[in-house]
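> How does the following fold in three dimensions:
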Amino acid sequence: MSSRSRPLVHPFDIEVPQLREEAAVNNGDPHDETVIMKDVQGMPGTVVGLALRLFQFAFAAVSVAVMAATSDFPSVTAFRYLVAALSLQCLWSLSLAIVDIYALLVKRCLRNSKVLGLFTIGDGITSTLTFAAACASAGITVLISSDFNNCAQNHCTRFETSTAMAFVSWFLVSPSFFLNFWSLASR
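So this is what the prediction gives:
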């Protein structure tokens with residue numbers, strides 16, 4: 001036993017989690033400086049990412065269903081655009097939810113730069129279309145309800161509900177887009 005004293009940094013012997021997996025990354029080379037990035041929740045292939053995709057799909061589907069349930073939505077171009085944009089959003093979110101489910105089941109990482117690029121571009125396009133459609137529909141809904149005071153003959157409540165669901169769907173696409181873009185840009 002040594003007579004020298006050592007400074008006590010931590011009163012307990014707690015292991016600090018390491019940011020690198022030295023043995024697995026470089027055949028056991030302890031001097032390897034490769035840092036493995038953790039999965040940020042909300043990115044593709046994570047549980048939160050799957051939840052975001054399912055909620056995106058659900059709100060977009062409700063918006064389309066409510067708008068399609070009205071008899072006079074085809075007479076307004078903004079409402080037709082909303083149905084088209086959110087139908088695309090439904091397909092995109094459902095497709096990526098299926099990919100997320102697969103990645104979670106087989107424990108597969110979806111941080112390939114080509115895959116992230118595809119997800120980022122797709123999320124950017126669908127979020128832009130969804131936001132534009134929601135804004136156009138909100139403008140027409142305000143015009144019908146407030147300016148024309150014509151809610152008795154129209155389905156203002158359904159139009160407002162569908163538009164609100166479209167905005168919620170867009171709000172849920174935004175974190176997916178920004179996390180994918182951030183991950184792609186930080187490569």
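
> From now on I want contacts and neighbour counts done on CA atoms only, so please keep to that.
Fine.

> in the protein, which ranges drop under the pLDDT threshold?
1-39 (pLDDT under 70).

> count of neighbours near the residue nearest to Gly122 when sequence neighbours are not counted?
The shortest distance from Gly122 to any non-neighbouring residue, by CA to CA, 6 or more residues apart in numbering, is to Trp92 (7.7 Å). When neighbours are counted by other CA atoms under 10 Å, Trp92 registers 18.

> Can you classify Trp92 as helix, strand or coil?
helix (DSSP: H, G, I helix; E, B strand; the rest coil).

> Give me the nearest residue to Leu54, chain neighbours excluded.
Per CA to CA, 6+ apart, closest to Leu54 is Ala97, 6.3 Å.

> neighbours of that neighbour, just the number please.
Neighbour tally, Ala97, other CA under 10 Å: 23.

> In which helix or strand does it reside?
Using DSSP states H and E, Ala97 sits within helix 77-105.

> Can you point out the buried residues in that helix?
By neighbour count with 16 or more other CA atoms under 10 Å, helix 77-105 contains the buried residues 78-90, 92-94, 96-97, 99-101, 103-104.

> and what of stretch 53-70?
Those would be 53-64, 66-68, for stretch 53-70 by 16+ other CA under 10 Å.

> which one of the residues you listed sits closest to Phe177?
Arg53 (11.2 Å; CA to CA).

> contacting residues for the closest one?
Residues in contact with Arg53, defined by CA atoms under 8 Å, 6 or more residues apart in numbering, are Ser93, Leu94, Leu96, Ala97, Val173.

> how close does it get to Trp182?
Per CA to CA, to the nearest Å, Arg53 is found 18 Å from Trp182.

> What ranges does this structure have for its helices?
Using DSSP state H, the helices of the chain run over residues 22-25, 47-68, 77-105, 113-142, 156-185.
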